[in-house]
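Undergrad: here is a sequence together with a model predicted from it:
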Amino acid sequence: MMTEFLLNAFATLFVTIDPVGLAPMFLALTAGVSAKDRRRIAYRATITSGIVLFVFFFSGKTVLTLLGISVSAFRVAGGLLLFVIAFEMVFDHRNKRKSETAEKAVEHHPSDLNAMAVFPIAIPLIAGPAAISAIILLASQAPSQVAYAGLGGVILTILGSCLLAFLLADRIERLMGDTVQMVVTRLLGVLLAALSVQFIADGILAFANGTPG
């Protein structure tokens, strides 16, 4: 059961954050920046987003309890949010929206590399609402303390993937091209849609059984 949970967690977070899909946006945002500064931005963005994600990883369930929100209710709400993200991925709306966010950020901070690393790269491109919701959702579903610790390892793995994608962004873009990237994004969107429906179904089933959590 723990292995299944961790595989599900990895798939959900990898598809939601989409490290490979972030590579071209990172390149566009850091166009004209030296290789040294680009690496600095990559590390800073990854560390910043990691701090944000782990804050919600550790405190998410407590926040739900304080707000009086049951885990099952959050499963349904989180599942719906992830389904919207999946819909955008399948119909190629998500990358356009992310690109628009990135362009607006550059307009406001055209030469501030530190600000760019935090916004929009760390937040919301990596640690966006969907990623935060997914982490709270997964943390609340961990079947044991070992699985909970394993989820922390999964988050670190995804963050490492983001850092690697940023450092190898130019190679990834040359290797994949627009067509391959579009196909991969759509396939990942279908996978995320299936995962989100499962979250919703689990939440509804828990309500039906009288165990909202």
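TA: Everything's here; your move. A quick note: this is a predicted structure, and the numbers were derived from the prediction, not measured.
Undergrad: how near is Ala193 to Lys36?
TA: 40 Å (C-beta to C-beta, to the nearest Å). Yep, even glycine has a C-beta here, placed from its N, CA and C like the rest.
Undergrad: okay, those two: which has more neighbours?
TA: Ala193 (19 against 8; other C-beta atoms under 10 Å).
Undergrad: give me the low-pLDDT residue ranges for the chain?
TA: 94-111, 212-213 (pLDDT under 70).
Undergrad: what segments of it are strands?
TA: In the chain, no strands are defined using DSSP state E.
Undergrad: what's the single longest helix in it?
TA: Longest helix of the chain, by residue count under DSSP state H: helix 169-208.
Undergrad: buried residues in it?
TA: 169, 172-173, 176, 181, 185, 188-189, 191-193, 195-196, 199-200, 202-203, 206-207 (16 or more other C-beta atoms under 10 Å).
Undergrad: which other helices and strands contact that helix?
TA: helix 2-17, helix 19-29, helix 71-90, helix 94-108 (3 or more C-beta pairs under 8 Å, 6 or more residues apart in numbering; DSSP states H and E).
Undergrad: 10 Å - rerun?
TA: helix 2-17, helix 19-29, helix 35-67, helix 71-90, helix 94-108, helix 129-141, helix 145-167 (3 or more C-beta pairs under 10 Å, 6 or more residues apart in numbering; DSSP states H and E).
Undergrad: distance from the first one to the middle of the chain?
TA: Going back to what we said before, that points to helix 2-17. Its chain's C-alpha centre and that of helix 2-17 lie 11 Å apart, by C-alpha atoms, centre = their mean, to the nearest Å.
Undergrad: what's the angle from that helix to helix 35-67?
TA: 120 degrees (axes from the mean of the first three to the mean of the last three C-alpha atoms, to 10 degrees).
Undergrad: with the second one instead?
TA: Orientation note: helix 19-29 sits at an angle of 130 degrees relative to helix 35-67 (the same axes, to 10 degrees).
Undergrad: so what secondary structure elements neighbour helix 19-29?
TA: helix 2-17, helix 35-67, helix 94-108, helix 145-167, helix 169-208.
Undergrad: including distance to Ile123, could those go into TSV?
TA: Listed next are the helices and strands packed on helix 19-29 as TSV, based on distance: least, C-beta to C-beta, whole Å:
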stretch	distance to Ile123
helix 2-17	12
helix 35-67	6
helix 94-108	10
helix 145-167	13
helix 169-208	19
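Undergrad: tell me which of the ones you listed sits nearest to Ala127.
TA: Within the helices and strands packed on helix 19-29, the stretch nearest Ala127 is helix 35-67; the backing value is 4.1 Å (C-beta to C-beta).
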